[in-house]
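K.L.:
turn this into a model:
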Amino acid sequence: MYCLPPSHSLFFTMDNQRSMSLLQFIGDEGLVPSPQEEQKRKNVIDSLKQIVSSWIKEVARRHRLPKHHIDLTSATILTYGSYGLRVHTSVSDIDALCVAPFFASIAEDFFVLLHRILKTRPEVSQIHCVKTAKVPLMRFKFDGISIDLPYARLNVLYVPENVDILNPFFMRNIDDTSWRSLSGVRANKRILQLVPNVENFQYTLRCLKLWAKRRGVYGTLLGYLGGVHLAVLAAYVCQRHPDATLNALIVNFFRIFAFWRWPTPVILQEGMLLTTVDVIDTRSCMPIWLPSGPYEYCHSNITRSTFYRIKAEFMRGHIMTRDILKTDFHWDNIFEPFPYSKIYSRFVKIYLSTPDQCQLGDWVGWVKSRFRGFLAILEGVEGFCDPNPTEYVANEKTEPNVAFYWGLQPSRNNFVDIDFLEREFMKIINNGYECSHGKMELSILLDPQLPKNAQFDDETVKGRKTLWKIIDHDNKKSSQWPCDT
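P.N.:
Reported below is the predicted structural model:
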């Protein structure tokens, strides 16, 4: 018997009901900071601007610039990342870029003088320099908020407070380090210019970041999607569906990327949407273009294994959201944490420790920055590895530590030469590390051997908010290594 399709009004009603319930879910999960938390972050940025304003005049004096140049010169702070896009949470750090004139060097004026000034401030704690990262920076806490502060120089005498770094004038003849440091700010600004409805984009991106973290496909160091990747993907969907509701944007996100023909890159462009281009980066399984420059890709560590996992999660999301008339639909199910211990029976345990708690963050960060190489080795041996991004603490150990448990497919011979893996991984870790080494140990565990805090039983799932947070090894708040964008 032929059935007439449901009326347009029914679809409209269900779509709006799902959008309203998703907004309620966002509120219940605490994804939007309170006005008090927002004001605290604004105060931190204002204070940093005042500090760099005084600092650059001191630098000008030390370089013996003429007095009228000293009076004119200025520097500023620009934000990017989740805070720059205004999709941060109450525990997010702030990515803040120090932008200064050409005469202020990174080696002496930034890493020595500004570091010294910040260190004397009572609001600043846990400050240290990360000079060997792809984007060198200072990391510290300001009034309890974690700050990542890279540096960029422009070929100007003074930098306006809200300098338009999309203006080619300010990008003339800058050095490579400054170009990389400016990349995140430029991408953020361009994305916000290209989306038709900024508020819808922000709500969509908040949801997608939570989804990716819960489902274990967030974090560029682990070979998954980073914040900038999700921002471009969300913006692409918003461009294609400018009048869509929040529910429809999420539904279309999963539908579009569940069937995307990779390695065709995802591109945002003014005035038109491109789905094919002549230039394809075959080095990347999942190429995504930054909108701030031609032929510039988002940095990616995606491997064969993580590519498979991301695609599987796109398809799962599509299957779960495609039926608008499904009566038992709940957003909680979309954001259910990925049940590693129910999916995998074998795990590789990566145990990292240091004698002193203060050293742990640097050691873990460095090892994580080398995970891409270890993933390649594991894939060569095992064929597939699912690197769970969650950081656990081995409670049976007394020394400060972090442990990772990565899912492995059932082995053909149930034997892994763990000594070989450990030797090869240590070669990667030792290459270029200049600080005090901690301990790194590898072992293979079966599912029953997983510690209680790494198992996905019903009680653990109920405490889902703890599952995707990254440990700050001093204050147990959100933290990222500098290369993780």
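K.L.:
element containing Ile310, please.
P.N.:
helix 304-321 (DSSP states H and E).
K.L.:
buried sites along the helix or strand that that helix is followed by?
P.N.:
As assigned by DSSP H and E, the chain's next helix or strand after helix 304-321 is helix 331-334. Under the neighbour-count criterion of 16 or more other CB atoms under 10 Å, helix 331-334 has Trp331, Ile334 buried. Every residue, glycine included, has its C-beta placed from N, CA and C.
K.L.:
so what does helix 331-334 touch, helix or strand wise?
P.N.:
Other elements packing on helix 331-334 under the criterion 3 or more CB pairs under 8 Å, 6 or more residues apart in numbering; DSSP states H and E are helix 8-28, helix 304-321.
K.L.:
report the distance from the last one to the chain centre.
P.N.:
The offset between the C-alpha centroid of helix 304-321 and the centroid of the whole chain comes to 19 Å, using CA atoms, centre = their mean, to the nearest Å.
K.L.:
got the buried residues for that helix?
P.N.:
Under 16+ other CB under 10 Å, the buried positions of helix 304-321 are 305-307, 309-311, 313-314, 316-318, 320-321.
K.L.:
ok, stretch 181-197 next?
P.N.:
By 16+ other CB under 10 Å, the buried positions in stretch 181-197 come out as 181-192, 194-195.
K.L.:
just checking, what packs against the lengthiest helix in the chain?
P.N.:
Counting by DSSP state H, the longest helix found in the chain is helix 35-62. Contact here means 3+ CB pairs under 8 Å, 6+ apart; on that basis helix 35-62 packs against helix 67-72, strand 76-80, strand 94-101, helix 115-120, strand 137-142, strand 145-154.
K.L.:
so what touches the first one?
P.N.:
This points to helix 67-72. Contacts to helix 67-72, defined as CB atoms under 8 Å, 6 or more residues apart in numbering, come from residues Lys57, Ala60, Arg61, Leu157, Tyr158.
K.L.:
ok, for Asn333, nearest residue in space, not its chain neighbours?
P.N.:
Leaving aside its chain neighbours, Asn333 sits nearest to Met320 (6.4 Å; criterion: CB to CB, 6 or more residues apart in numbering).
K.L.:
for His63, same thing?
P.N.:
Phe103 (5.3 Å).
K.L.:
doesn't that neighbour lie inside a helix?
P.N.:
No. In this structure, Phe103 is coil, not part of a helix, as judged by DSSP: H, G, I helix; E, B strand; the rest coil.
K.L.:
from what I see, it and Arg62 are in contact.
P.N.:
No. With contacts counted by CB atoms under 8 Å, Phe103 stays clear of Arg62, the gap being 9.6 Å.
K.L.:
who's more crowded, the two?
P.N.:
Phe103 (16 against 13; other CB atoms under 10 Å).
K.L.:
what pLDDT does that one get?
P.N.:
According to the prediction, Phe103 has pLDDT 97.
K.L.:
again with Ile302
P.N.:
For Ile302, the model assigns a pLDDT of 93.
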